[in-house]
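# Sequence first, predicted model second:
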Amino acid sequence: MSDPSGTGDAADPWRLQTPPLSSEFTLHRGVVDGRDVLVCTVGKTILHYDARCIEHLHAMLTARADWVELGSADEQKDAKPGTVEAWARAPDNPIGGWYGLKKGLRGRFAMYIPPLLERLGLAEVEHNPRSNRMRAVKPGG
């Protein structure tokens, strides 16, 4: 559901749409403070996510072997248990907490990272107005 253009570097970012297909944003790989990050630009807002989230989220989805609700929420709001958003904040995820890196803007992981996994062919993402889910796709399959 995303624009197939973009290589994922700063000069040619991935051009994506949120799961409900209501907003466009870009993502590209970068380095911030020596850490590999995904730089997400939504209008004038810039968010950073730990780049390991791509592999880690795909592994979690593969292990669950079923649809998982996205449950996107701002950092200041609690994430619904069992959702992708809750997993991305959980102390028992592979990095021990938030994949979002900018204090105050660490939420919305489930709004911006699932479309990237879909673009990379690692996941299927629903595109309903609300309550979307995702599930793993085997790489190359």
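Cool, got the structure.

# quick check: longest helix of the protein.
Longest helix of the chain, by residue count under DSSP state H: helix 53-64.

# May I see the buried residues of it?
53-54, 56-58, 60-61 (16 or more other CB atoms under 10 Å). The way it works is simple: take the backbone N, C-alpha and C, and place the C-beta from them, glycine included.

# Can you give me the pLDDT of the residue most central in space within the chain?
Centroid check for the chain by CA atoms, centre = their mean gives residue 113 as the closest residue, at 1.2 Å. pLDDT for residue 113: 98.

# How about the contacts made by it?
Neighbouring residues of residue 113 by CB atoms under 8 Å, 6 or more residues apart in numbering: 38, 49, 53-54, 57, 84, 88, 99.

# Closest to residue 19 out of those residues?
Closest to residue 19 out of the contacts of residue 113 is residue 84 (10.2 Å), distances taken as CB to CB.

# my read: that closest one touches residue 114, true?
Yes. The pair residue 84 / residue 114 is scored as a contact, 6.6 Å apart, by CB atoms under 8 Å.

# What distance do you get for residue 106 to residue 119?
Distance, residue 106 to residue 119, using CB to CB, to the nearest Å: 22 Å.

# Check residue 35 too.
Following CB to CB, the distance that separates residue 35 from residue 119 is 22 Å.

# If you count surrounding residues, which of these two has more?
Legend: neighbour count by other CB atoms under 10 Å for residue 35 and residue 119, higher for residue 119 (21 against 12).

# Surely the more buried one is in contact with residue 15?
No. The pair residue 119 / residue 15 is not scored as a contact, 9.1 Å apart, by CB under 8 Å.

# Can you mark which positions in the strand or helix carrying residue 46 are buried?
Using DSSP states H and E, residue 46 sits within strand 45-50. Across strand 45-50, burial judged by 16+ other CB under 10 Å covers 47-50.
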